[in-house]
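Engineer: A structural model of the following input is requested.
(one chain, ligands or ions: 1)
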Amino acid sequence: MDMQTSPATALRIDGARLWQSLMDLARIGGTPKGGVCRIALTDLDRQGRDLFVQWAREAGCSIRIDAIGNIFARRAGADDSLAPVMTGSHIDTQPTGGKFDGNYGVMAGLEVVRTLNAAGVRTRAPIEVAVWTNEEGSRFVPVMMGSGVFAGAFTLEHALAQRDAQGVSVAEALAAIGYAGQAGAAPAVGAYFEAHIEQGPVLENHERVIGVVQAALGQRWYDVTVQGMEAHAGPTPMELRQDALLAASALVAEVNRIALDRLPHARGTVGSLEVHPNSRNVIPGRVKLSVDLRAPDDAQLLDMDAALRAACARIAAERGLVIDVEQVVYFPPQPFTPHLVEAVRANAADLGYSCMDVVSGAGHDAVYVARVAPAAMVFVPCADGISHNEIEDADPAHLEAGCNVLLRAMLASAGVVA
Ligand SMILES: [Zn+2]
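Structural biologist: Below is the predicted model:
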């Protein structure tokens with residue numbers, strides 16, 4: 001189909017309607033500071049889900065719930081046997097979350113459906129809007145639970161058996177809010193697009209409206225233990241110490257350097273230090289630290305892994321102590337599907353929006369869906385790059401732009417029946 005000559009080329013979403021639905025949804029779990037606290041599978045999550053389902057039904061969609069509580073709102077296609085073109089995200093939030101993380105992707109999908117309805121456009125393939133269960137992982141781990149089950153990253157049984165701090169299981173919480181749906185194999189998806197706020201400062205710093213997401217960074221997480229020797233801070237001469245914290249400090253600087261040597265996309269972070277015995281007048285005998293390495297491809301991530309292990313071996317040898325490195329988490333890098341990424345870029349350019357290639361440093365539902373279906377993401381800026389915070393904010397014009405790109409990219413995949 002040629003988008004240039006199609007009447008669909010003139011279609012635009014209603015930015016004011018999109019904004020209003022975001023603000024209406026944000027009232028459920030709204031906090032005094034202007035954020036949202038809508039933790040997965042709580043009664044507030046149920047209220048948010050119910051509102052989405054009501055809006056989707058009013059927009060003529062049929063609703064399907066799967067066994068992990070993912071919601072799929074479907075707008076029929078001219079050929080309903082075709083795999084749907086899907087969009088979506090999540091509406092659960094962090095305890096001090098914002099109005100836009102996840103919620104934008106779901107409301108943008110709803111706005112696409114409403115726009116197609118208002119214009120009387122029939123798509124060849126069906127359109128679906130997904131609400132994925134427990135993306136945030138704040139109450140139940142693992143994170144990205146609903147999309148993870150959908151993509152087969154872990155089993156339904158494993159997810160349902162997870163418990164929160166009060167001992168309530170996912171299965172019990174789903175039943176309690178009335179969203180334990182039908183078990184069964186995940187249906188095929190023709191293409192998946194997810195619109196999301198960037199949650200970082202890159203687009204804003206470059207004054208671009210649309211981020212064309214190339215890939216999600218792969219991640220390797222480690223627990224590192226530095227074993228030295230505790231001794232009295234006074235009587236022990238400087239040259240006779242096995243100071244675990246001093247070695248750990250050298251390692252913190254090395255982790256930073258490992259990423260700086262591999263710009264622009266590599267990341268290296270030590271986020272947690274546990275010092276033993278953590279006493280003012282004792283030379284630290286043991287330090288546990290976390291290391292988080294991220295890179296856009298496996299070759300670079302493996303190179304960083306080797307650099308980390310070499311740095312640990314060198315620091316241990318130089319300082320006469322033992323450093324143990326244990327990898328605890330591995331998420332493979334996830335490239336998005338080239339022709340869908342290209343559709344995002346081409347439509348952004350066609351609509352006259354400034355855009356740039358970016359990578360996603362964070363996990364998203366799209367990263368799991370990309371394991372089982374062609375997938376791409378559309379990023380829009382958020383104010384000062386701040387997210388997972390009650391002050392999270394976004395420009396209505398940017399949200400509108402991202403939704404227009406989403407609409408066009410979905411139409412290009414679904415096809416329009418004249
Ligand atoms: Zn999110």
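Engineer: which one is Ala311 nearest to, not counting chain neighbours?
Structural biologist: In space, and not counting its chain neighbours, Ala311 is closest to Glu254: 4.1 Å by C-beta to C-beta, 6 or more residues apart in numbering. The C-beta positions use only the backbone N, C-alpha and C, and glycine is treated the same way.
Engineer: Against Leu82, how distant is the one you found?
Structural biologist: Between Glu254 and Leu82 the computed distance is 52 Å (C-beta to C-beta, to the nearest Å).
Engineer: Could you do Gly402 as well?
Structural biologist: The gap separating Gly402 from Leu82 is 25 Å, by C-beta to C-beta.
Engineer: just to revisit the earlier point, contacts only, for the residue nearest to Ala311.
Structural biologist: Ala307, Leu308, Ala311, Ile315 (C-beta atoms under 8 Å, 6 or more residues apart in numbering).
Engineer: Which positions within the helix or strand containing it qualify as buried?
Structural biologist: Element membership for Glu254 (DSSP states H and E) is helix 244-260. Neighbour-count burial for helix 244-260 flags 244-252, 254-255, 258-259 (criterion: 16 or more other C-beta atoms under 10 Å).
Engineer: Check stretch 289-300 too.
Structural biologist: Neighbour counts over stretch 289-300 (16+ other C-beta under 10 Å) mark Leu289, Ser290, Val291, Asp292, Leu293, Arg294, Ala295, Pro296, Gln300 as buried.
Engineer: Sort these by pLDDT and name the bottom one.
Structural biologist: Among the buried residues of stretch 289-300, Pro296 carries the weakest pLDDT, at 93.
Engineer: Looking at the buried residues of helix 244-260, which one is closest to the ion?
Structural biologist: Lowest distance from the ion to the buried residues of helix 244-260 (C-beta to the ion) belongs to Ala259, with 23.4 Å.
Engineer: so what's the closest one closest to, chain neighbours aside?
Structural biologist: Leaving aside its sequence neighbours, Ala259 sits nearest to Gly268 (C-beta to C-beta, 6+ apart; 3.3 Å).
Engineer: How many residues are close by that neighbour?
Structural biologist: Residues near Gly268, counting by other C-beta atoms under 10 Å, number 22.
Engineer: Name the SS class of it, please.
Structural biologist: Assigned by DSSP: H, G, I helix; E, B strand; the rest coil, the conformation of Gly268 is strand.
Engineer: what's near enough to touch it?
Structural biologist: Shown in contact with Gly268 (C-beta under 8 Å, 6+ apart): Val255, Asn256, Arg257, Ile258, Ala259, Leu260, Val291, Asp292, Leu293, Arg294, Met304.
Engineer: In a markdown table: those residues, plus distance to Gln166.
Structural biologist: Formatted as a markdown table, these follow (distance: C-beta to C-beta, whole Å):
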| residue | distance to Gln166 |
| --- | --- |
| Val255 | 36 |
| Asn256 | 38 |
| Arg257 | 43 |
| Ile258 | 40 |
| Ala259 | 38 |
| Leu260 | 43 |
| Val291 | 31 |
| Asp292 | 29 |
| Leu293 | 34 |
| Arg294 | 32 |
| Met304 | 38 |
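Engineer: Return the closest of those residues with respect to the ion.
Structural biologist: Taking C-beta to the ion as the measure, the ion lies nearest Arg294 of the contacts of Gly268, at 16.9 Å.
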